[in-house]
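*Asks:* quick one, structure for this:
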Amino acid sequence: MDAARPSPPDRSPAHLAKTPTGISGLDDLTLGGLPSGRPTLLCGAAGCGKTLFALSFLVNGVTEYNEPGVFMSFEERTRDLAANVGSLGYDLDGLIAARRIVVDYVRIERSEIEESGEYDLEGLFVRLGHAIDTVGAKRVVLDTIEALFAGFADSAILRAELRRLFAWLKDRGVTAIITGERGDGQLTRYGIEEYVSDCVILLDNRVVDQVTTRRLRVVKYRGSAHGTNEYPFLIDEAGISVLPITSAGLGHAISSEPVPTGVPDLDSMLGAGGYYRGSSVLISGLAGTGKSTFGAAFVEAACRRGERCLYFAFEESPDQIVRNMRSVGIDLAPWVASGLLAFEAARPSLYGFEMHLARMNRVIERLAPAIVVVDPISAFRGPSSEIHATLIRLADICKTRAITTLFTSLSSAGDTMNESERSVSSLMDSWISLEDKEADGERNRVLYLLKSRGMSHSNQLREYRLNDAGIALITPYIGAYGVLTGSARLSQEAREHEAELGRRQATERRRRELARKRAAAEREIAEMRAAIEAEEAEIATLIAQEEAREALSGSDREMMARSRGVAR
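*Replies:* I've put the predicted structure just below:
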């Protein structure tokens with residue numbers, strides 16, 4: 001047996017003592033549990049889960065709060081009860097053997113009941129009192145009250161006996177649950193039990209469009225505030241959980257930590273380096289644009305960081321998703337094997353919206369993921385108000401737990417938004433639109449950011465490709481007629497490359513022509529310089545010869561002068 005767990009703090013305005021049920025969600029909407037030492041009426045039609053609720057209350061009391069209990073049944077035998085709750089993982093036989101719970105089956109035969117006055121229930125009181133004393137019970141369940149009072153036809157006696165029963169339970173100081181069948185036009189068959197009970201909880205098993213949803217409503221709770229709406233609840237192998245759908249508010253904490261998208265170029269476009277942790281992201285686009293691939297890339301990047309991820313799939317099986325993602329270089333199988341990635345797959349038509357929400361909330365509570373992917377929300381069909389209510393509750397559930405949530409949605413052809421996108425567009429912190437651009441007989445994928453709250457994001461349209469290496473964003477190219485993609489982009493780039501090559505060749509020709517002219521000019525200058533130098537040399541030679549002649553002529557004159565002088 002588990003160690004006793006302390007009861008949650010009493011939050012009711014009148015400080016009414018409360019006994020926690022241990023049922024997930026029910027203690028939240030009752031602000032602490034059922035009224036301690038008082039009877040609670042649990043009513044509903046057949047198949048809505050009254051007996052399972054009551055037994056969960058007892059078993060949780062023993063295993064979680066160390067409070068023994070008594071279950072007095074007027075319809076089912078002990079072995080049948082043990083088999084029924086075994087599907088929830090409860091070992092009722094073990095608790096009975098450990099003398100922590102007493103299950104007493106009381107056979108009621110209408111022919112044996114006599115309306116003989118105030119002592120009609122004395123035998124029941126003795127029997128129930130003995131069971132309580134045997135284990136020191138703090139919790140008691142009577143299932144069901146119609147079987148106990150089946151022989152009473154006089155409403156005055158019935159009312160008196162009901163009051164005696166409820167007063168006796170209060171005197172013993174036990175917290176009691178009395179189950180009752182739903183009446184025709186009233187909460188119970190007799191219409192009296194709800195008036196003498198301190199707390200009345202109504203269970204409903206409703207079928208809408210051939211889809212069943214279980215709901216719970218706290219009809220009254222004397223001395224305490226409580227949730228007043230209808231709340232979906234879930235019964236499965238993990239037990240019972242109630243989703244208090246109005247408990248989520250806008251007071252959740254926020255984070256400025258970026259969470260990488262798994263596509264580095266997309267991180268750059270977002271400005272902050274990824275989505276903000278705890279934010280809600282919508283990726284919308286036509287069929288074949290790669291919405292699931294972006295979701296898988298986001299999941300793989302988170303798993304590589306060691307973060308737990310949860311993938312809700314509504315169109316493909318987990319094995320199909322894993323196989324398909326291998327074609328783009330994303331292998332999710334190792335992360336599934338390691339336990340970092342968990343898939344939850346179901347057709348949207350399998351449950352109603354609220355039941356889907358309850359199941360998703362149950363899995364989120366159990367796995368505590370850091371990343372959640374919902375693929376796609378457009379698979380839900382129904383009134384837009386119900387879709388909106390479901391998605392906003394899911395977004396709030398994730399935000400209160402700081403879970404980064406990525407939703408995918410199949411867009412409609414054209415510019416019109418479908419119901420899913422219209423329902424969640426205002427809830428999303430980031431919205432990425434994927435589109436197909438048709439030109440020159442081909443279709444090419446482009447993405448752009450419609451919005452990303454709190455970050456300076458890119459306003460460019462980016463072409464992207466899906467190949468065996470993953471998602472690759474192409475450098476944006478804007479031509480004279482807008483963004484060019486695919487072969488139109490390649491053709492335009494080829495034309496521009498050819499024009500650039502022609503310009504380079506023309507420049508090279510001009511450069512070579514200039515070089516030739518320069519060389520010719522330099523040759524002419526060299527020739528002129530050589531001619532001038534030759535002429536200078538010739539002139540110098542002539543000058544030297546002239547000077548030599550003049551020197552010789554002067555010598556001859558001097559010799560002639562001397563010769564004449566001697567002669568004289």
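*Asks:* when you work out contacts or count neighbours from here on, use the C-alpha atoms and nothing else.
*Replies:* Noted.
*Asks:* CA-only coordinates of stretch 83-102 in CSV, if you can.
*Replies:* Output in CSV follows, covering the C-alpha atoms of stretch 83-102 (Å, rounded to 0.1, in the frame of the first residue of the first chain):
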residue,chain,number,x,y,z
ALA,A,83,-13.6,-8.2,-12.0
ASN,A,84,-15.1,-4.9,-13.2
VAL,A,85,-12.6,-2.6,-11.5
GLY,A,86,-9.7,-4.9,-12.4
SER,A,87,-9.8,-3.4,-15.9
LEU,A,88,-8.8,-0.1,-14.2
GLY,A,89,-5.8,-1.6,-12.5
TYR,A,90,-7.5,-1.9,-9.1
ASP,A,91,-6.7,-4.9,-6.9
LEU,A,92,-10.0,-5.0,-5.0
ASP,A,93,-9.5,-8.6,-3.8
GLY,A,94,-6.1,-7.6,-2.4
LEU,A,95,-7.5,-4.6,-0.5
ILE,A,96,-10.3,-6.8,0.9
ALA,A,97,-7.8,-9.4,2.0
ALA,A,98,-5.7,-6.7,3.7
ARG,A,99,-8.8,-5.6,5.6
ARG,A,100,-8.6,-2.1,4.1
ILE,A,101,-11.9,-2.3,2.2
VAL,A,102,-15.1,-4.2,3.1
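*Asks:* same question for that stretch: list its buried residues.
*Replies:* Neighbour-count burial for stretch 83-102 flags 85, 88, 90, 92-93, 95-96, 100-102 (criterion: 16 or more other Cα atoms under 10 Å).
*Asks:* gap between K451 and S284?
*Replies:* According to Cα to Cα, to the nearest Å, K451 and S284 sit 12 Å apart.
*Asks:* who touches both of those two?
*Replies:* Common neighbours of K451 and S284 (criterion: Cα atoms under 8 Å, 6 or more residues apart in numbering): 431-432.
*Asks:* how many neighbours does W168 have?
*Replies:* Here the number of neighbours of W168 (other Cα atoms under 10 Å) works out to 14.
*Asks:* again, but for S411
*Replies:* Using other Cα under 10 Å, S411 has 22 other residues around it.
*Asks:* look up phi and psi at it.
*Replies:* Reported as degrees, to the nearest 10, the phi and psi values for S411 are phi -80, psi 160.
*Asks:* I'd like to know how far it sits from D27.
*Replies:* Remark: distance between S411 and D27 (Cα to Cα) = 40 Å.
*Asks:* show me where the stretch 1-150 of the chain has its strands.
*Replies:* Here the stretch 1-150 of the chain has its strands, by DSSP state E, counting those that start in this stretch, at 18-19, 34-35, 39-44, 69-73, 101-105, 139-143.
*Asks:* and the first one, average pLDDT?
*Replies:* When you say that, I think you mean strand 18-19. Per-residue pLDDT over strand 18-19 has a mean of 92.
*Asks:* contacts only, for R359.
*Replies:* R359 makes contact with L234, according to Cα under 8 Å, 6+ apart.
*Asks:* tell me which element it falls in.
*Replies:* helix 353-367 (DSSP states H and E).
*Asks:* mind listing what's buried in stretch 305-315?
*Replies:* Residues of stretch 305-315 classed as buried: 308-315 (neighbour count, 16+ other Cα under 10 Å).
*Asks:* who's in contact with that stretch?
*Replies:* 299, 302-303, 339-348, 364, 367-377, 379.
*Asks:* please redo it, this time with the cut-off set to 6 Å
*Replies:* The contact list for stretch 305-315 (Cα atoms under 6 Å, 6 or more residues apart in numbering) reads 340-347, 369-375.
*Asks:* that stretch: how far from the chain's middle?
*Replies:* Taking Cα atoms, centre = their mean, to the nearest Å, one finds stretch 305-315 lying 8 Å from the centre of the chain it belongs to.
*Asks:* and it, C-alpha only, in CSV?
*Replies:* Provided in CSV are the C-alpha atoms of stretch 305-315 (Å, rounded to 0.1, in the frame of the first residue of the first chain):
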residue,chain,number,x,y,z
ARG,A,305,18.2,17.6,-27.6
GLY,A,306,16.9,15.0,-25.2
GLU,A,307,13.3,16.5,-24.9
ARG,A,308,10.3,14.2,-24.7
CYS,A,309,7.8,14.6,-27.6
LEU,A,310,4.2,13.6,-28.1
TYR,A,311,2.7,13.2,-31.6
PHE,A,312,-1.1,13.1,-32.0
ALA,A,313,-1.9,11.7,-35.4
PHE,A,314,-5.4,11.8,-36.8
GLU,A,315,-4.9,10.7,-40.4
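*Asks:* sec struct for F407, please.
*Replies:* strand (DSSP: H, G, I helix; E, B strand; the rest coil).
*Asks:* and it, how far is that from A296?
*Replies:* Here F407 is placed at a distance of 12 Å from A296 (Cα to Cα).
*Asks:* returning to that earlier point: of the contacts of stretch 305-315, just the buried ones, PyMOL syntax please.
*Replies:* Here is the PyMOL command that picks out the buried ones among the contacts of stretch 305-315, judged by 16+ other Cα under 10 Å:
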select buried, resi 340+341+342+343+369+370+371+372+373+374+375
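*Asks:* flag the least confident of the contacts of stretch 305-315.
*Replies:* Of all these, R347 carries the smallest pLDDT score, 82.
*Asks:* pretty sure V242 sits against G22.
*Replies:* No. With contact defined as Cα atoms under 6 Å, V242 does not reach G22; the gap is 10.9 Å.
*Asks:* where does pLDDT dip in this structure?
*Replies:* For the chain, the stretches flagged by pLDDT under 70 are 1-15, 108-120, 149-156, 183-195, 208-211, 244-251, 413-423, 439-441, 476-493, 565-568.
*Asks:* distance between stretch 161-179 and the chain's centre?
*Replies:* Centre-to-centre, stretch 161-179 and its host chain are 45 Å apart (Cα atoms, centre = their mean).
*Asks:* which residues does that stretch contact?
*Replies:* Contacts of stretch 161-179 (Cα under 6 Å, 6+ apart): 36-43, 138-144.
*Asks:* in ChimeraX, how would I select just the buried ones from those residues?
*Replies:* Selecting the buried subset of the contacts of stretch 161-179 in ChimeraX, with 16+ other Cα under 10 Å as the burial test, is done by:
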select :36,37,38,39,40,41,42,43,138,139,140,141,142,143,144
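*Asks:* which one of the contacts of stretch 161-179 is nearest K399?
*Replies:* Within the contacts of stretch 161-179, the smallest distance to K399 is 32.9 Å, found for L42 (Cα to Cα).
*Asks:* would you check that the closest one makes contact with L203?
*Replies:* No. L42 is beyond contact range of L203, at 7.4 Å (criterion: Cα under 6 Å).
*Asks:* and the strands of the stretch 1-150 of the chain as CSV, adding distance to I543?
*Replies:* Compiled in CSV, the strands of the stretch 1-150 of the chain are given as follows (distance: least, Cα to Cα, whole Å):
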stretch, distance to I543
strand 18-19, 137
strand 34-35, 137
strand 39-44, 141
strand 69-73, 144
strand 101-105, 144
strand 139-143, 143
